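Asker: predicted structure and sequence below. I'll ask about it afterward.
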Amino acid sequence: MSEAPVQSDLRDPEARRALMSGVGAEPGSAKPDSILTVDNIVRQFGGITAVDVDHLEVQRGVITALIGPNGAGKTTFFNLITGFDRPTSARTGANWSFDGKRLDKTSASSVARAGMVRTFQLTKALNRMTVMDNMMLGASGQRGESLSVSMLRPLWRTQEREIETKAEELLARFKLLEKKDDYAGSLSGGQRKLLEMARALMSDPKMIMLDEPMAGVNPALTQSLLGHIQSLRDEGMTVLFVEHDMHVVRHISDWVVVMAEGRIVAEGKADEVMSNPAVVDAYLGAHHDTDLGDDALLQEETLEEKIQEYEAEALAEERSHDHGGSASHEGEQK
Amino acid sequence: MDTILSILNQSLREAIAPSTAAVVIAVIGLNIHFGFTGLLNMGQAGFMLIGAYGFAISIIEGLPLVVAIVVGLGGALLFALVLGIPTLKLRGDYLAIVTISAAEIVRFVGRLSALEDFTGGALGLRGSRYQGPFLDLSFLPDTSWTLSPFNYRDTFDGSGVVRGLAGLLFIGLVVAAVLLVRRFRGAPAATSGARWGRVGAVVGLSLLALLAIFFVFPITYQNNVAQGWWVRLVAWTLVGLCTLLAALLVRSPWGRLLRGIREDEDAIRSLGKNVFAIKMQALIIGGSFGALGGIVYVLPSTVQADSMGRALTFFAYTALLIGGAATIFGPVLGTVIFYGGRVLLRETANAYVPSSIMSDQQTETFSLIVVGVVLMLLVIFRPQGILGDKRELRINV
Amino acid sequence: MLDRHPAPGPSRGRWALGLLVALVLAPLGVLGLSAAPATAAVGCLAQADKTGCVSGTVGSRSDPVEGADVQLLDEGGVEIEVQTTEADGKFAFTLTEPGTYLVKLDEDTLPDGVEQIPPAAAQAGPDGTLRVEVQLGRTAVPDLEVRSEDYDASGTSKTDQLVGGAFSGLKLGLLLALASLGLSLIYGTTGLSNFAHAEQVTLGGVVAYFLVSQAEYGLNLWVGIILTTLLCAGSGLLQDVVMWKPLRRRGLGLTQLMIVTIGLSLALQYAFQYVVGGSQVKVTLQSFESYSFGPVNTNSMSLIAMGIAIVMIGLVGFVLLRTRLGQATRAVSDNPALASASGIDVDRIVRIVWTASAGLAGLSGVLYALTVSNGIRWDTGMQILLLLFAAVTLGGLGTAFGALVGSLIIGLVVELAGPLGAPGDLKYAVALGILIILLMFRPQGLLGRAGRVG
């Protein structure tokens, strides 16, 4: 919270506009105050190159959307920078740093401890634990999580109460407080997304990375979800989130990065990037029937249709995950 | 009637045998692995065997009792490291495959004739070679005791009615204790006073149940022989201590981490926790319980590699699933029922199935087939066992 | 006799699984009925607080000595009982008093040219006896091993041993490949690590034993092998229809299913023991013409077995690569949901995979019993389970060709470990060592590939 003045500035849309207006719209452009800088990250599966990013900077204190058609490598890119996957280029110069700290040799847990916390496309709420337990797990620096201390309740009881209070505050904010003793599995898809987000906030991260926060979320909840994301930004957090359709993100993102076939093809402000020919190209492959500039798409009805489409997709994906989860997980990372 | 009583008596003796207590301790360890953390350790018998060898060989080599126990536990720690380092970053199957194999290897090594001077080879180590220091610790008088001293023979000239009533009382008390545990599970205790009150109620009911069953079936053993009361006393005291220790561990933030890892380790990793280290700690702690179980297992008998083979690990799983994985009292309840029940089944088959249909050897085999089938049925129809919570335990690790 | 299982457990199941298991075991049960007399095992059952046992085998399990006299003496050297071993080399004394006893093998009754290996110092009693400690409820197993009198520690030349080992390794590798292909295919299509797969291997040997050497009509060996393969394939089909498919429908998690396979493995093993007894049984008594190629000693059966294995593996490879069925199978392995969405009947593919896998495992079991282990025991499969898993993991879980490569490597390693100095069963430890090292450096196996998270 040392940079309070900058943050208060960024609550004002005009200030954000002004901040980003000097930034070039070419892929990999330099940002005034980059919190995350990624260089030369390549990931290949077999012979297919899933991610190949030369350079990317993410501006501190704003909402950056990472969009692109299905299969553009967004999630893989997320996995790479959060330590859940290792780049093929690990030995040939892949490196990225977060808030001045090199992260390319770090495990997923250290990435999170450095202040960059992520959520998952397929929500990883811990279904057979209570909502409260889910939240409590999010807190960092717990004494009682050390094996030797865990048996001595007096040594961690006070801290446990403090964490509990904090969790209750967050749950109240996300309107989940009355569910705190329910199993997380009994929540709706959207509530689980909220829970996952709230849990990530337990550790007071500097940057939160949301992988398709809208996937599978009841349309009624979408607005409040978007609102929550904005309020995180207004509190000074940096937000990077993945979405595969740009229309949903248009209103809330300050900056948009477009990926296609593993590469970053364009960057720019939300309302400008869509007219970029590279973006049109990228999307034509996937949604050739969609006119990208058409504002009709932003009508309520169309939005809902879109959202239902996502839901169906997310559901299908979840199913395929359940069924073939292990088969597609063979070997796993590392 | 006499046959039935004798079968029940035998079944009770098996249920309170030191070897049963030993397996309970190993199952407590397995519960930490499988029940709480979701680690598929298929080699708990290997941990037991390592503990047993470490302990027995140390004493035979002249080390003091305490050091010998430490050596046994240290062996388990090393074993856990060797198995855990390559596998804990991978899918659960790999740990299962490696542990099941490694436990077999430990058994092969133990049987190896090249190591006969050390491990006794296939014949094993005779108990009399290492029991001395342990038996010397006994403070019980050198006589034989009957438990309980006050029993049905003292009331109404050993009336069968009183005996039967006491038997019913026993069943009632056990059912009450089980219901109490299941009921407490749903609602967390508000204060620590209430929590201890609950534990007290369950333990109290269990002790009353014990008194009732020993009233019905008084049991006599020598105090200070290898198979006597002393070893039983120590073994069951250890069971109590281990249960308490496990309860403290899993009711802490550390225990919460274990359950989180069981649910989804990627999620826990994304929250900044070192999942590998925690899984390793769980593997070591559970393995140490296994090793301690192994030490207790061989105290009254011999260290023989084949007595701690793959089947024992499977028994431990069955026992755990009967009692209820991820519960505190599940391991005790499950193991006692498992061993008592197995003898009950075998002896009943022995007594009532003519040997032309099933020989004595075959009834033993038959009881093992039933164990396998019970394991399958449990996992399919009642994965939460007797005490577990269905919502928590649809073991989808 | 197997359908008399009680069905313990909750009654609220939609179908009685006990019955299902009985169905799965039905082929065995039917055969078992005809073979009951053969199981009159001389054995000793140690009962808690009642009896203790001293039992074992003269010679080794794979090479027992017939007609040897084994004496049981008390601690003072007074004879209590004498038993003469039968074809299985087994002896078993039942005792009611715990204490120290001596066991002596009468050298005069051993076949010519064979002597007893002197017992280790820790167990040696007076006059070449072995000391055993008997406890109630336990079985003591004295080692009465023998060797030929002209035994020479140096043996044949190292090179010859290695060449011989390599040949045996190739043979073992091919037979392992037959079994592990199925294990790998099942894993690939369903994600399940089937711990009961090794029992399918044993099943092959056991069924062949009943068909060829037990049945009154005593089937011709070749007919027996074919029939065994078909029966085993049938058992796989039956298993999928009555058990695995309903369980998948029920939505059981993979971990649960895995524990189910472990329970099944336990039940099957002891079911085998129930019907064939605790000792090794031979599939056929006929002897095969032996050949020597330089240092390699083999017989016609081994060569034929290797030929059959190669043909069957080739056939599986052809089906997987060149047919629509194979294409569909690979698609299901890749992504079941996608395969299902593109019109592939996933259940049908999985059923075929179970059937084929069980058939191949059964075939592997007969050939293994004929050419590697010289007979089949109730736990033969359990002993090679480690090798199967090592092979499959080595090649990459779920990749069929990985299983083949892994099997050959594991077969060679195991058979070469002996000549290179690994004593006894420790050759299996070498396989485990390789597995552990591999997991540290290339966990996805030689031919596997890593997947994505999230």
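Answerer: Done, it's in. Numbering: from 1, shown residues only, chains lettered A, B, ... in the order given.
Asker: hey, let's count contacts and neighbours off CA atoms from now on
Answerer: Fine.
Asker: quick one: low-confidence ranges for the stretch 251-400 of chain C?
Answerer: Flagging of the stretch 251-400 of chain C using pLDDT under 70 yields the residue ranges C:397-398.
Asker: so how many other residues sit close to whichever residue of chain C sits closest to chain A?
Answerer: Here chain C gets closest to chain A at one residue, residue C:444, 4.0 Å apart by C-alpha to the nearest C-alpha. Using other C-alpha atoms under 10 Å in any protein chain shown, residue C:444 has 26 other residues around it.
Asker: which SS state does it fall under?
Answerer: Following DSSP: H, G, I helix; E, B strand; the rest coil, the label given to residue C:444 is coil.
Asker: distance check, the closest residue to residue A:156 other than its chain neighbours against residue B:251.
Answerer: Distances taken as C-alpha to C-alpha, 6 or more residues apart in numbering or on different chains place residue A:144 nearest to residue A:156, at 5.4 Å, with adjacent residues excluded. Noted for residue A:144: a distance of 10 Å to residue B:251, by C-alpha to C-alpha, to the nearest Å.
Asker: the more surrounded of those two?
Answerer: Neighbour count, other C-alpha under 10 Å: between residue A:144 and residue B:251, residue A:144 has more, with 25 against 14.
Asker: hang on, isn't the more buried one packed against residue B:252?
Answerer: Yes: Residue A:144 lies in contact with residue B:252 (C-alpha atoms under 8 Å); the separation is 6.4 Å.
Asker: shared neighbours of the two, which are they?
Answerer: Counting by C-alpha atoms under 8 Å, 6 or more residues apart in numbering or on different chains, the residues touching both residue A:144 and residue B:252 are A:150, A:153.
Asker: how is chain A carved up into domains?
Answerer: With domains defined by automatic domain parsing, chain A comprises A:4-125+A:203-329, A:127-186.
Asker: all strands of the chain, in order?
Answerer: No chain was given, so I picked chain A. A:34-45, A:48-59, A:63-67, A:95-98, A:101-102, A:116-118, A:207-211, A:238-243, A:255-260, A:263-268 (DSSP state E).
Asker: my question was about chain B
Answerer: Under DSSP E, chain B gives strands at B:144-147, B:219-222.
Asker: starting at the chain centroid, how far to the helix or strand containing residue C:318?
Answerer: Secondary structure from DSSP states H and E places residue C:318 in helix C:300-322. Mean C-alpha position of helix C:300-322 versus that of the full chain (C-alpha atoms, centre = their mean, to the nearest Å) differs by 20 Å.
Asker: what's the spacing between the nearest residue to residue A:197 once chain neighbours are set aside and residue A:70?
Answerer: Among residues not flanking residue A:197 along the chain, residue A:119 sits closest, at 6.8 Å (C-alpha to C-alpha, 6+ apart). Distance from residue A:119 to residue A:70, counting by C-alpha to C-alpha: 18 Å.
Asker: which one of these two has more residues nearby?
Answerer: residue A:119 (25 against 17).
Asker: the following helix or strand past the helix holding residue C:318 vs helix C:300-322, what angle?
Answerer: Moving toward the C-terminus from helix C:300-322, the next helix or strand (DSSP H and E) is helix C:324-334. When axes from the mean of the first three to the mean of the last three C-alpha atoms, to 10 degrees is applied, the directions of helix C:324-334 and helix C:300-322 differ by 80 degrees.
Asker: helices or strands up against helix C:324-334?
Answerer: Helices and strands touching helix C:324-334, by 3 or more C-alpha pairs under 8 Å, 6 or more residues apart in numbering or on different chains; DSSP states H and E, are helix C:158-190, helix C:300-322, helix C:336-341, helix C:346-371.
Asker: of all the ones you listed, which one is nearest chain B?
Answerer: helix C:158-190 (10.8 Å).
Asker: now the angle from the closest one to helix C:346-371?
Answerer: Using the same axes, to 10 degrees: helix C:158-190 against helix C:346-371 is 160 degrees.
Asker: please see if helix C:158-190 touches chain A.
Answerer: Yes: judged by C-alpha under 8 Å from any C-alpha of the partner chain, helix C:158-190 and chain A are in contact via C:187, C:188, C:189, C:190.
Asker: the third one reaches residue C:352, doesn't it?
Answerer: No: using C-alpha under 8 Å, residue C:189 makes no contact with residue C:352, being 10.6 Å away.
Asker: what about the two, which has more around it?
Answerer: Legend: neighbour count by other C-alpha under 10 Å for residue C:189 and residue C:352, higher for residue C:189 (25 against 18).
Asker: could you check the pLDDT of that one?
Answerer: In this model, residue C:189 is scored at 88, pLDDT.
Asker: ok, residue B:389 next?
Answerer: Per-residue pLDDT puts residue B:389 at 75.
Asker: let me know the pLDDT of the nearest residue to residue B:390 once chain neighbours are set aside.
Answerer: Nearest residue to residue B:390, sequence neighbours excluded (C-alpha to C-alpha, 6+ apart): residue B:384, at 5.3 Å. On pLDDT, residue B:384 comes in at 85.
Asker: ok, now how distant is residue B:384 from chain A?
Answerer: Using C-alpha to the nearest C-alpha, to the nearest Å, one gets 13 Å for the distance from residue B:384 to chain A.
Asker: that residue: how many residues sit nearby?
Answerer: 27.
Asker: picking up where we left off before, quick one: contacts for the residue nearest to residue A:156?
Answerer: Contacts of residue A:144 by C-alpha under 8 Å, 6+ apart are A:150, A:153, A:155, A:156, B:252, B:253, B:254.
Asker: list the contacts of the fourth one.
Answerer: When the contact criterion is C-alpha under 8 Å, 6+ apart, the partners of residue A:156 are A:142, A:143, A:144, A:149, A:150.
Asker: repeat that with 10 Å
Answerer: Each residue near residue A:156 by C-alpha atoms under 10 Å, 6 or more residues apart in numbering or on different chains is listed here: A:142, A:143, A:144, A:145, A:149, A:150, B:252, B:253.
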